[in-house]
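Asks: fold the following, please.
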Amino acid sequence: MKNVKRFLVILFTSLFLVNCKSEKKMQNFKAITDAYFNDKNALNPLDATQNGQSEYNDKLVFEMTDSYRKKQAAFYDTYENQLANIDTTSLSSEEKNSYDIIKWEIAVGKDLLQYDTNLMPIHQFWGTNLTLGQFAGGTSAQPFKTEKDYKNFLKRMDLFSVWMDSAMVYMKKGINKGVVLPKALTIKIIPQFESMVTPNVEDNLFYSSIKLLPKEFTEAQKNNIKKEYTAVIKEKLEPQFKKMAAFLKNEYLPASRATSGIGSLPNGAALYSVYVKQWTTTDKTADEIHQLGLNEVARIKAEMEKVKEQVGFKGTINEFFEHVRTKPELMSFKKPEEVIANFERIYQTIKPNVDKLFSLQPKSPFEIKRTEAFREKTASAEYNQGSADGKRPGVFYVPIPDVAAYNCYGDEDLFLHEAIPGHHFQISLQQENKELPDFRKYNWFGAYGEGWALYTESLGKELGLYKDPYQYFGMLGNEMHRAVRLVVDTGMHSKGWTREQAIKFSLDNEAESEASIIAEIERYMAIPGQALSYKMGQLKILELRKKAQDKMKDKFDIKVFHQKVLESGVLPLALLEKNINYWINTSN
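Replies: Numbering: from 1, shown residues only. Here you go, the predicted model:
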C-alpha cells in the first residue's frame, strides 16, 4: 500500500511540475507577445497613434537613419532569440499562430535591412510626411481634445522640421549611390511640399486643429496654444517645407532616374523578391505572378464581353471601356455631397442582407467622408481604421478632386471592398477580438487584408447589389484592375517595363480613366510589390471556399466559413490555409 501511495505521490507531483512548466512557458510567451507589441509601437509611433496607443502621440522616429536601422536589427535579434527558447508544444493553436507570425515578420524584416530602402524616405503615396499631414487636419487619428493632446502634436511638429533635414541627408546619400526615385514621382512630390507654405498661418494645414479648439479651454489656454502653433509653423515648418521643395527641384529632380522599376537599382532585383514575399506572404516568383496575372486578365476580359453584349454595345471591348469611362449617366453628380450620398444609399441597400452571410460582425462605428483637400488629387479611395474602443469610427475616405469627372460605375463594388463587409469588417473584428494578443489586433498582412476585401466584392449580388449591369461591370472592372496589377507591377520591377508600357497595358485592359491609371501606375512605382497582395489573397480565399464546399457538401455554411476566415485576424496565407484545412477536416 505504501508503494502505491508513493507511486501516486510521485505521479501527481510529476504531473503538477509538468503543468507548472507548461504554464510558465505560456506565461513567458505572453510576456514575449506583450513586449513585442510595445517595442513595435516604440519603433513605429505613428502606427501606434493610428492604432489608438496614446502613449506615443508625441513621438516621431527618424526611420531613414543608420541609428534607427540598428534599433530595428536589435529588435529582430532580441525576439528571434526569445522565440528560440519557447517550447511550441505547450502553446495553444492561437499562440502557435502568434509564434509563427512573429517568426515570419522577423525573417522579412531582416531581409529588408540588407538593402538601402532608407535612401528613398519620401514618395507621393504614403509615408511620415503624408501621415503627419493627415493627423494635422484634426479629424484623423491624432487626438485634439485636451491641452496635452495639443502639446503632443506640437512636439511632433517640432520633430518633423528636423525629420525633413534627415530625409534630405539620406536622399543625398541616395543620389551618390544611384538609389533615387523615378523622375515622374519626384515631380509629384514637389507640389505636396510647396502647398504646405501659405501666406496666412490660419490657412496652413498644420494650423487646422486650432480651428477645432475645445470650447471648455480657457481663453488663456487657447491663446497660448495658438501662439505656440503659429511659432512652430512659421519659424520651423514652413522654412523646412521651402527648403525641401527647393532641394527636390534643384538637386533631386535632376538626379532622379529615368527608369520606372526598382529592378534597375543596385541589388534591385533581389530587393523586389523580398517585397514580393512581404506583400504576398508566399514564395511565388515574380515570373509566376506575372503569368498568373496574364491568365486572370484573359479570364475577366471574357466576362466583360458578356456584359458588353448584355447592354447591346456593338463595338470592341476597348471601345466599350471608353463608352463606360465617358457615359454621361455614370457621371451625373453635380456636388461632392451627392457622391457621398450615393455611398450612403449603397450602405442602406446591403444592410438587410449582411446577416445572411455573416454571423460574426463588428461593433465599431463607421463613417463615409470625402478625402482631405491637401492629398485629394493623388489619393485613392481608402479605409482608415477606427480605434479599438469604438470612440473613433472607421472611415471610408472618397477622393472627389473633380466632381464633374467622377464616374460612379464602380461605386457599389468599391463600397464592399473599402467598407462593408471588406476592410471595416475585417479590421474592426480583429481589433475587437479579446482572444488575440495586442500585437495581432493591430497587425497587417496585405495579402490577407486586401485579399479579403477583394473577395468580398464577389458577394455583391448576394447583398442586393449589381442589379445594374454597369455596376456589375464595375465589379469586373475592379477585379480586372487587381489582375492588371499582377502584370504591371512585376512588369516594371522585374521585367524592365517603362511607366508608359504599364500605362498602355492598363488602358488596353481597363475602363479606368487615363488620369486614374497614371496615378495608379505611379503608386506601384512608389511601393513595389504592394499591388500584388490583393489578387493573391483573393485567389487563395476563393480556393479555400471552393475546397470547403467540395469536401463538406451539405455541411458547408457560408456564415461559418466567413467566421473561420475572419476570427484569427490577418495571417500569412499559409497559416490561413492551415486553419481552414483544420476546420474542414474536423467538421466531417
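Asks: could you count how many residues lie near residue 295?
Replies: Other residues lying near residue 295 total 13 when counted by other C-beta atoms under 10 Å. Every residue, glycine included, has its C-beta placed from N, CA and C.
Asks: helices or strands up against the helix or strand hosting it?
Replies: According to DSSP states H and E, residue 295 maps onto helix 286-310. Applying 3 or more C-beta pairs under 8 Å, 6 or more residues apart in numbering; DSSP states H and E, one finds that helix 286-310 contacts helix 268-280, helix 317-326, helix 469-494, helix 533-552.
Asks: deepest in the core, which of the ones you listed is it.
Replies: Neighbour counts (mean count of other C-beta atoms under 10 Å) averaged over each of those peak at helix 469-494, with a mean of 24.
Asks: chain center to it, what's the gap?
Replies: 18 Å (C-alpha atoms, centre = their mean, to the nearest Å).
Asks: next secondary structure after that helix?
Replies: helix 499-509.
Asks: pick out the shakiest of the helices and strands packed on helix 286-310, pLDDT-wise.
Replies: Per-segment mean pLDDT for the helices and strands packed on helix 286-310 reaches its minimum on helix 317-326, at a mean of 92.
Asks: let me have the helices and strands packed on helix 286-310 in CSV, extended by distance to residue 236.
Replies: Shown next, in CSV, are those (distance: least, C-beta to C-beta, whole Å):
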stretch, distance to residue 236
helix 268-280, 34
helix 317-326, 45
helix 469-494, 37
helix 533-552, 37
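Asks: for residue 158, which of these is the nearest?
Replies: helix 268-280 (32.5 Å; C-beta to C-beta).
Asks: any idea which element the spatially closest residue to residue 537 that is not a sequence neighbour lies in?
Replies: Leaving aside its chain neighbours, residue 537 sits nearest to residue 451 (1.4 Å; criterion: C-beta to C-beta, 6 or more residues apart in numbering). According to DSSP H and E, residue 451 maps onto helix 446-456.
Asks: re earlier: how big is the angle separating the helix holding residue 295 from helix 317-326?
Replies: 80 degrees (axes from the mean of the first three to the mean of the last three C-alpha atoms, to 10 degrees).
Asks: average pLDDT across helix 286-310?
Replies: Here the average pLDDT along helix 286-310 is 97.
Asks: next: stretch 346-363.
Replies: 94.
Asks: one step back: elements contacting the helix holding residue 451?
Replies: Using 3+ C-beta pairs under 8 Å, 6+ apart, helix 446-456 is in contact with helix 268-280, helix 411-418, helix 423-432, helix 469-494, helix 533-552, helix 573-586.
Asks: can you show me the strands along this structure?
Replies: Remark: strands assigned in the chain by DSSP state E are 366-370, 382-384, 394-398.
Asks: ranking those by burial, who's on top?
Replies: Scoring those by mean count of other C-beta under 10 Å, the most buried comes out as strand 394-398, with a mean of 24.
Asks: still on that earlier bit, how close does the residue nearest to residue 537 get to residue 474?
Replies: 19 Å (C-beta to C-beta, to the nearest Å).
Asks: please apply the same query to residue 440.
Replies: 34 Å.
Asks: also residue 131?
Replies: Counting by C-beta to C-beta, the gap from residue 131 to residue 474 is 30 Å.
Asks: also residue 373?
Replies: 26 Å.
Asks: for the residue nearest the centre of the chain, give me its contacts.
Replies: The structure's the chain has its C-alpha centroid closest to residue 446; by C-alpha atoms, centre = their mean the separation is 6.4 Å. Contacts here follow C-beta atoms under 8 Å, 6 or more residues apart in numbering; on that basis residue 446 touches 279, 280, 530, 533, 534, 537.
Asks: farthest-apart pair in those, please.
Replies: 530 and 537 (12.0 Å).
Asks: residue 83: neighbouring residues, count only.
Replies: 17.
Asks: for the nearest residue to residue 487 once chain neighbours are set aside, list the residues it contacts.
Replies: Closest residue to residue 487 apart from its sequence neighbours, by C-beta to C-beta, 6+ apart: residue 293 at 3.9 Å. By C-beta under 8 Å, 6+ apart, the contact set of residue 293 is 483, 484, 485, 486, 487, 490, 535.
Asks: hang on, isn't the third one packed against residue 535?
Replies: Yes - in this structure residue 485 lies within contact range of residue 535 using C-beta atoms under 8 Å: 6.7 Å.
Asks: and the pLDDT for the spatially closest residue to residue 80 that is not a sequence neighbour?
Replies: Excluding its sequence neighbours, the residue lying closest to residue 80 (C-beta to C-beta, 6+ apart) is residue 106, at 5.3 Å. pLDDT, residue 106: 98.
Asks: next one: residue 521
Replies: 96.
Asks: relative to residue 502, how far out is residue 517?
Replies: Residue 517 is 9 Å from residue 502, by C-beta to C-beta.
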